[in-house]
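Trainee: show me the folded form of this:
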Amino acid sequence: MGRMSNASGLEDAFVRKYDASGNLLATRQFGDPFQSDTATGVAVDGTGSVYVAGYTFGALPGQTSAGGTTDAFVRKYDASLNEVWTRQFGTGGFDEALDVAVDGAGNVYVVGLISTVLPDWDAFVRKYDAAGNLWVMRQFGTLPPGKNFSPDAAEGVVVDGTGHVYVAGSVSDALPGQTSASPGLSDAFVRKYDASLNEVWTRQFGTSENDSALGVTVDGTGSVYVAGYTFGALPGQTSAGFVDAFVREYDAGGSEMWTNQFGTPGQDYAQGVAADVTGNVYAVGRTEGTLPGQTSAGGFDAFVVKLSEITVIPVAIDINPASSSNTINPRSRAQIPVAILTTTSFDAATVDPATVRFGRTGTEAPPSQFTLVDVDADGDSDLVLLFNIQKTGIACGDTSASLTGETVGGEAIEGSDSIQTIGCR
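Mentor: Residues are numbered from 1 along each chain as shown. Next up, the predicted model:
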């Protein structure tokens, strides 16, 4: 699946079928003879039918161009790669299908980007039945204040055994009910729909830089895994270089379970993700550098990484231990102490202070100082860290704040506590 040069010196889409031993069984090359065409996603159902999504600069055989720069398409083949049906669609602007999935009933889900008013475009997800009839479409996106464009895109799609559909991609401002980590730049997102494409939940996340989700999968328990890239450091993570890859797990209800950011000093992108029945997660992508224990072939290399299940350790924290109401003045230029408490199940002395972040979401401020002291008089040493209030992002009216970090052994930790803001009048 991808694209290859044709006799006109342009590019055609293609799909190939191999057997389990890697023997080539069939190839199908297709496209507009006078334009370029690309296949970007492929899926297979339980009967062996194959579904290919992509985009064309022209008109595929038997189809009509919407008159824009590119149109999206989805095509169904039988198990022998004989064409069953093709659907080409667009807006008269710039439209691309970027991934495709199929459920147990043969319903087909296509995601990508679709033009609104150039140069703006929205993300979309479409559902077709097994015969190629369009059932429903969802188009969504953002528009940052003061801007006339917002490149939003759905990059990946997967469907689980109960018919829930998961879509991942990037947006340039806050989706409804979400908060943008970097208004005007891109955030990653993942959204869960029911079988009728009614939204169940959405999670938007990122850093102060550009971030995007490129792949998504789901396991048998309903846990969702998202892969992509970030130009910054995700909450509780450390940047390895210019662009890092990441994988994140959410449970079926949309609660974050863990995040793993990794890479080299150069550019690294996780572009696909899969999970097995034992909890192992596999990410694929490309790297400009040399990953640990590997050797670079030069330029950008492909990679596959196996990640084991990551457990986030919940920790008890006490914000401003001297105040029973945990008061914070968001306008103060002072420092706020936050204690990570030693309990019967956790030793605060095992925390690596350099990894700790504290603030409105647990991603903002690094500590300026730290010390071990028994703040709750239980005979055990607690880790007390000082944070610049102005760097925490805490605002008047906030009622809680969070902390993230790692132990010296690399285990992720997180905790939160209630706060009361003062000095806001």
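Trainee: any idea how far residue 414 is from residue 48?
Mentor: 44 Å (Cβ to Cβ, to the nearest Å). Glycine gets a C-beta too; all of them are placed from N, C-alpha and C.
Trainee: more neighbours: which of these two?
Mentor: Set side by side, residue 414 and residue 48 show more neighbours around residue 414, with 18 against 12, by other Cβ atoms under 10 Å.
Trainee: chain neighbours aside, what residue packs nearest to the more buried one?
Mentor: In this structure, residue 414 finds its nearest non-sequential neighbour in residue 404, 4.8 Å apart by Cβ to Cβ, 6 or more residues apart in numbering.
Trainee: now do residue 130
Mentor: residue 106 (3.2 Å).
Trainee: what of residue 266?
Mentor: Nearest one to residue 266, counting by Cβ to Cβ, 6+ apart, is residue 288 at 3.4 Å.
Trainee: isn't that neighbour up against residue 302?
Mentor: No: the pair residue 288 and residue 302 does not pass the contact test of Cβ atoms under 8 Å, sitting 11.6 Å apart.
Trainee: hang on, the earlier thing: what's whichever strand or helix holds the residue nearest to residue 414 packed up against?
Mentor: Assigned by DSSP states H and E, residue 404 belongs to strand 400-407. If you count contacts as 3 or more Cβ pairs under 8 Å, 6 or more residues apart in numbering; DSSP states H and E, strand 400-407 packs onto strand 351-359, strand 412-418.
Trainee: recalculate using a threshold of 10 Å.
Mentor: strand 312-314, strand 317-319, strand 335-340, strand 351-359, strand 382-388, strand 412-418 (3 or more Cβ pairs under 10 Å, 6 or more residues apart in numbering; DSSP states H and E).
Trainee: quick check, distance from the third one to the centre of its chain.
Mentor: Translated: strand 335-340. Distance, stretch centre to chain centre, for strand 335-340: 31 Å (Cα atoms, centre = their mean, to the nearest Å).
Trainee: that one pairs with which strands, and in what direction?
Mentor: strand 317-319 (antiparallel), strand 382-388 (antiparallel) (DSSP bridges).
Trainee: list the contacts of the first one.
Mentor: When contacts are defined by Cβ atoms under 10 Å, 6 or more residues apart in numbering, strand 317-319 is touched by residues 325-328, 336-341, 348, 358, 375-376, 382-385, 387, 394, 400-403, 413-420.
Trainee: domains of the chain?
Mentor: Domain ranges of the chain: 2-311, 313-421, per automatic domain parsing.
Trainee: turn the ones you listed into CSV, columns for mean pLDDT.
Mentor: Converted to CSV, these look like this (pLDDT from 0 to 100):
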stretch, mean pLDDT
domain 2-311, 91
domain 313-421, 90
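Trainee: contacting residues around the residue positioned nearest the centre of the chain?
Mentor: Among the residues of the chain, the one closest to the centroid is residue 213, at 3.1 Å (Cα atoms, centre = their mean). Counting by Cβ under 10 Å, 6+ apart, residue 213 touches 153-156, 167-170, 186-190, 203-206, 226-230, 246, 248, 270, 273.
Trainee: so where do the strands sit in the stretch 251-400 of the chain?
Mentor: 256-262, 268-275, 281-287, 301-307, 312-314, 317-319, 327-328, 335-340, 351-359, 369-373, 382-388, 400-407 (DSSP state E, counting those that start in this stretch).
Trainee: want to try CSV for these, with distance to residue 30 and mean neighbour count as columns?
Mentor: As requested, the strands of the stretch 251-400 of the chain are exported to CSV (distance: least, Cβ to Cβ, whole Å; neighbours: other Cβ atoms under 10 Å):
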stretch, distance to residue 30, mean neighbour count
strand 256-262, 37, 19
strand 268-275, 23, 22
strand 281-287, 25, 21
strand 301-307, 25, 15
strand 312-314, 46, 15
strand 317-319, 58, 23
strand 327-328, 61, 19
strand 335-340, 59, 23
strand 351-359, 50, 20
strand 369-373, 61, 13
strand 382-388, 58, 22
strand 400-407, 48, 22
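Trainee: these: which one's closest to residue 38?
Mentor: Closest to residue 38 of those, according to Cβ to Cβ: strand 268-275, at 15.0 Å.
Trainee: partner strands of the closest one and their direction?
Mentor: strand 281-287 (antiparallel).
Trainee: the strand it pairs with vs strand 301-307, what angle?
Mentor: Here the directions of strand 281-287 and strand 301-307 differ by 160 degrees (axes from the mean of the first three to the mean of the last three Cα atoms, to 10 degrees).
Trainee: next, the angle strand 256-262 makes with strand 281-287.
Mentor: With the same axes, to 10 degrees defining the directions, strand 281-287 sits at 30 degrees from strand 256-262.
Trainee: any idea how far strand 281-287 is from the chain center?
Mentor: On Cα atoms, centre = their mean, the centre of strand 281-287 falls 13 Å from that of its chain.
Trainee: can you pull the phi/psi pair for residue 346?
Mentor: phi -150, psi 140 (degrees, to the nearest 10).
Trainee: quick one, what contacts the nearest residue to it once chain neighbours are set aside?
Mentor: Closest residue to residue 346 apart from its sequence neighbours, by Cβ to Cβ, 6+ apart: residue 315 at 5.7 Å. Residue 315 makes contact with 340-343, 345-346, 348, 351, 383, 403-405, 407, 413-416 under the criterion Cβ under 10 Å, 6+ apart.
Trainee: one more pass at 6 Å, please.
Mentor: Counting by Cβ atoms under 6 Å, 6 or more residues apart in numbering, residue 315 touches 340, 346, 413, 415.
Trainee: I'd say the last one and residue 403 touch.
Mentor: It refers to residue 415. Yes: using Cβ atoms under 6 Å, residue 415 makes contact with residue 403 at a distance of 5.1 Å.
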